[in-house]
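In: give me a 3D structure for the following:
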Amino acid sequence: MAAEGDADIQAEGLTKRFGERVAVDNFSLTVARGEAFALVGPDGAGKTTVMRLLVGIMDPDEGRAAVLGFDTATESEQLKEHIGYMPQRFGLYDDLTVAENISFYADLYRVPKAERQERMPELLEFSNLAPFQDRLAANLSGGMRQKLGLVCALVHRPRLLFLDEPTFGVDPVSRREFWQILYELLKGGMTIFLSTAYMDEAERAHRVGLMHQGRLLVADSPQALKAGFEGELLEVRAGDLRAARDALKGLPLAKQVLAMGDRLMVSVDKAQEAGGPIREALQKSGIKGVRLSAAEPGLEDLFVQIIRSQEEQSA
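Out: Numbers count the residues shown, from 1 in each chain. The predicted structure is shown next:
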């Protein structure tokens, strides 16, 4: 099966089972050349399995996929020469320096020596790792380790990059730096397929897909997805958020109550009509310091709404 037009990834009906458990259920998706596609979903949704199917590490039980025109099941060895893959636990060698790790992966990908001499300084400068090239990988911070893993995945100039939760557990500053590198890669025409647990990261991609229980529920641009939010959103701040959440759970007007840091995001049909009754319910429960304001829905609000709707339909 060849990818059509300018599509770098084309998956049709991918299904993967582990015993009786269906890890990926009829997954179909097309990713265009030069696109950044982010796959999000709760733990166990099937994101990592999808990625392993697309890079040719696993074969599907049903369905087919083409990546860069290569069939992932029958042409996986040819495919690996043209893609970069950074799994959740990327295999850095702690007893090697930054430069030695890059050289090791250059050997694995059979990068010619002349090209390597040109490529190494580029990658070190590009990732801001040049000052640390003689430091052992064991002595790098979490963010620097992720950048080194990315550089190792890029050493052979892949056309498409797969990243499985690349910034999980990394501090916000390092996450921002990591994405700056990804933006530069996108400017150069690379296609990026990544999974992430961070909604703010997902919003940086051209398109976002939501997986739940092995199924791809939606896939669209962040703007289009948020426009599909049903109802309106109220932001609720109060002195005791836990008590406020409990007070709103039984209120028919509050369709969905989601804790977001120091506030609650409450889904309602009409914010203007629901504000008064919600404030009254909180005050009757003795909640102090109540403040309400209209809010724009984010991806997390939308995804919780979609998942709950799916669960209600299947109940």
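In: look up how far residue 80 lies from the residue nearest the centre of the chain.
Out: A centroid search over the chain (Cα atoms, centre = their mean) returns residue 196, at 2.4 Å, as the residue closest to the centre. Noted for residue 196: a distance of 23 Å to residue 80, by Cβ to Cβ, to the nearest Å. (Glycine included, C-beta is placed from N, CA and C.)
In: over to residue 97?
Out: To residue 80, residue 97 is 26 Å away according to Cβ to Cβ.
In: quick one: the strands in the stretch 101-250 of the chain?
Out: For the stretch 101-250 of the chain, the strands defined by DSSP state E, counting those that start in this stretch cover 160-164, 191-195, 207-212, 215-220, 232-237.
In: got the CA positions of the third one in PDB?
Out: These are the backbone C-alpha positions of strand 207-212, laid out as PDB (Å, rounded to 0.1, in the frame of the first residue of the first chain):
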ATOM      1  CA  ARG A 207      -3.600  18.700  14.300                       C
ATOM      2  CA  VAL A 208      -4.500  16.700  17.400                       C
ATOM      3  CA  GLY A 209      -6.000  13.200  17.800                       C
ATOM      4  CA  LEU A 210      -7.700  11.900  20.900                       C
ATOM      5  CA  MET A 211      -7.300   8.200  21.700                       C
ATOM      6  CA  HIS A 212      -9.400   6.400  24.300                       C
END
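In: that one pairs with which strands, parallel or anti?
Out: Its sheet considered, strand 207-212 pairs with strand 36-40 (parallel), strand 215-220 (antiparallel) by DSSP bridges.
In: just say which of the ones you listed is most tucked in.
Out: strand 36-40 (a mean of 24; mean count of other Cβ atoms under 10 Å).
In: measure the residue nearest to the centre of the chain to residue 30 for me?
Out: Using Cβ to Cβ, one obtains 20 Å as the distance from residue 196 to residue 30.
In: work out for me the element residue 276 sits within.
Out: Following DSSP states H and E, one finds residue 276 within helix 271-284.
In: let me redo that: residue 29
Out: Going by DSSP H and E, residue 29 is in strand 21-32.
In: any idea how far stretch 264-281 is from the chain center?
Out: Offset of stretch 264-281 from its chain centre (Cα atoms, centre = their mean, to the nearest Å): 31 Å.
In: run through who's touching it.
Out: Counting by Cβ atoms under 8 Å, 6 or more residues apart in numbering, stretch 264-281 makes contact with 229-238, 241, 244-245, 247-248, 251, 253-259, 290, 292, 294-295, 297, 301, 305, all of which sit outside it.
In: contacting residues for the residue of the chain most remote from its centre?
Out: Ranked by distance from the centre of the chain (Cα atoms, centre = their mean), the top residue is residue 284, with 41.2 Å. With contact set as Cβ under 8 Å, 6+ apart, residue 284 has these partners: residue 247.
In: use 29 as the first number for this chain going forward.
Out: Sure, I'll start numbering at 29, so the last one becomes residue 312.
In: okay, and for the stretch 229-343 of the chain, where does confidence drop off?
Out: 342-343 (pLDDT under 70).
In: where along it do the helices fall?
Out: 250-255, 269-277, 299-312, 327-342 (DSSP state H, counting those that start in this stretch).
In: nearest to residue 199, of the ones you listed?
Out: Between residue 199 and the helices of the stretch 229-343 of the chain, the shortest separation by Cβ to Cβ is 20.4 Å, and it involves helix 327-342.
In: mind giving me the packing neighbours of the closest one?
Out: Helix 327-342 is packed against helix 227-230, strand 235-240, strand 243-248, helix 250-255, strand 284-288, strand 291-296, with contacts defined by 3 or more Cβ pairs under 8 Å, 6 or more residues apart in numbering; DSSP states H and E.
In: residue 137 is nearest to which of the ones you listed?
Out: Proximity to residue 137 (Cβ to Cβ) singles out helix 227-230 among these, at 27.0 Å.
In: buried ones in the closest one?
Out: Across helix 227-230, burial judged by 16 or more other Cβ atoms under 10 Å covers 227, 229, 230.
In: distance to residue 50 added to these, as CSV?
Out: Formatted as CSV, the buried residues of helix 227-230 follow (distance: Cβ to Cβ, whole Å):
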residue, distance to residue 50
227, 26
229, 27
230, 24
